[in-house]
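J.: 3D model of this:
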Amino acid sequence: MKKFLNLGLLFLSISGSIISCASDNEIITQENNVINNLTESTLQKVNGKDNFIIIDAATVTSSWVTNNSNFIVDSTATTYTVDLDAVYNNCSGSCDTAVSNWLNANDYYIDFDASYTLIEDVHTVESQTSWYPQQNNQVLMTVHDFYTILNTTLGTKEVAEINDTYNYYISFSIANNQLNLQQSSYYPYSSCYSVALLKSLLSVNQIDEHSSQNILFTEQGSSIYIQISRGTDVLTYDYTDDPTLCK
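T.: Purely as a prediction, here's the structure:
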């Protein structure tokens, strides 16, 4: 795979000099395999992982528990664990929006702090040691610059001010080497991210929103993927594909 020179803070730069560790044909084959894997359908099991969300037990009633008993896979004195795949598999009517509708209706009950790790993990589609190869449909920026754009889009000053919600999503587009964000409703098969996922990237990876670390956005077809590093690894995140998720 191609590697790019370190710009500090344990981050690789897409704009740095390239150190080739394999032949060009090997590199192209490996990168194409990654892209093909990213675009496969993942409705039933997102990336083969459990698609769970944590509910704060103190916020729900016994009737809520009864009505959602088909989706609850674990419980403690303080939490219920809901399997979002079960929500999808038990849907009636339009299944494309079954999970997004459930999340929208129940986001008040979600313990987001307890769910961040699950949300981040289920969206991680690739862990590798290099960025995508440089191409036209990419935007490289610092974490600080990205979350400044996000806050401006939502009318907030800090990420902490952004309410955890599934009432809306953030749609992404790239044009003229610029990343454009827009608050949007959930719509199947469009490229958008949930607020919870964007906040989980900071929480789980222990990154400050004002960090000068790099974050890379790469467009593949109608989808935009996020790459960010954790130590020596580069993690690739998918768009919200089955809301926790939005596609």
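J.: hey, what's the residue nearest to Ile72 when sequence neighbours are not counted bridged with?
T.: Sequence neighbours aside, Tyr80 is the residue nearest to Ile72 in space, at 5.2 Å (criterion: CB to CB, 6 or more residues apart in numbering). Glycine gets a C-beta too; all of them are placed from N, C-alpha and C. Going by DSSP bridges, Tyr80 is paired in beta bridges with Ile55, Ser75.
J.: wouldn't Tyr80 be in contact with Ala58 here?
T.: No: at 10.6 Å, Tyr80 and Ala58 do not qualify as touching, with contact defined as CB atoms under 8 Å.
J.: so the two - more neighbours on which side?
T.: When Tyr80 and Ala58 are compared for neighbours, Tyr80 comes out ahead with 23 against 10, by other CB atoms under 10 Å.
J.: quick one: contacts for that one?
T.: Residues touching Tyr80, when contacts are defined by CB atoms under 8 Å, 6 or more residues apart in numbering, comprise 54-55, 57, 60, 65, 68, 72, 74.
J.: and for Ser173?
T.: Taking CB under 8 Å, 6+ apart as the contact definition, Ser173 lies against 179-180, 182, 191, 224.
J.: may I ask which two of those residues are separated the most?
T.: Gln182 and Ile224 (12.5 Å; CB to CB).
J.: chain center to stretch 200-216, what's the gap?
T.: Distance, stretch centre to chain centre, for stretch 200-216: 13 Å (CA atoms, centre = their mean, to the nearest Å).
J.: over to stretch 54-68?
T.: Going by CA atoms, centre = their mean, where stretch 54-68 is centred and where its chain is centred differ by 26 Å.
J.: just the pLDDT for the residue nearest to Asn163 when sequence neighbours are not counted.
T.: Nearest residue to Asn163 in three dimensions, chain neighbours excluded: Val195, at 7.6 Å (CB to CB, 6+ apart). Among the per-residue scores, Val195 shows a pLDDT of 91.
J.: mind checking how far Val195 is from Ser130?
T.: 29 Å (CB to CB, to the nearest Å).
J.: the two: which has the busier surroundings?
T.: When Val195 and Ser130 are compared on other CB under 10 Å, the one with more neighbours turns out to be Val195, at 23 against 20.
J.: one step back: please pick the buried ones from the contacts of Tyr80.
T.: The neighbour count (16 or more other CB atoms under 10 Å) marks 54-55, 57, 60, 68 as buried among these.
J.: and of those residues, the nearest to Leu235?
T.: Here the nearest of these to Leu235, counting by CB to CB, is Ile54; it sits at 21.7 Å.
J.: so what's the closest one up against?
T.: Taking CB under 8 Å, 6+ apart as the definition of contact, the neighbours of Ile54 are 79-82, 110-111, 114-115, 118.
J.: with Thr142 instead?
T.: For Thr142, the contact set (CB under 8 Å, 6+ apart) comprises 211-215.
J.: again, but for Met141
T.: When contacts are taken as CB under 8 Å, 6+ apart, Met141 is in contact with 179, 214-215, 217.
J.: before we move on, what about Val139?
T.: When the contact criterion is CB under 8 Å, 6+ apart, the partners of Val139 are 174, 177-179, 216-217.
J.: now do 7 Å
T.: Contacts here follow CB atoms under 7 Å, 6 or more residues apart in numbering; on that basis Val139 touches 174, 177-179, 217.
J.: mind telling me what element it is part of?
T.: With secondary structure defined by DSSP states H and E, Val139 is part of strand 138-142.
J.: ranking helices and strands of this structure by mean pLDDT, which lands last?
T.: Averaged element by element with mean pLDDT, DSSP states H and E, the chain has its least confident helix or strand at strand 18-19 (a mean of 20).
J.: which among the contacts of Thr142 count as buried?
T.: 211, 213-215.
J.: JSON lines for those, including distance to Gln134 and secondary structure?
T.: Putting those into JSON lines (distance: CB to CB, whole Å; DSSP: H, G, I helix; E, B strand; the rest coil) gives the following:
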{"residue": "Ser211", "distance to Gln134": "22", "secondary structure": "coil"}
{"residue": "Gln213", "distance to Gln134": "18", "secondary structure": "coil"}
{"residue": "Asn214", "distance to Gln134": "13", "secondary structure": "strand"}
{"residue": "Ile215", "distance to Gln134": "15", "secondary structure": "strand"}
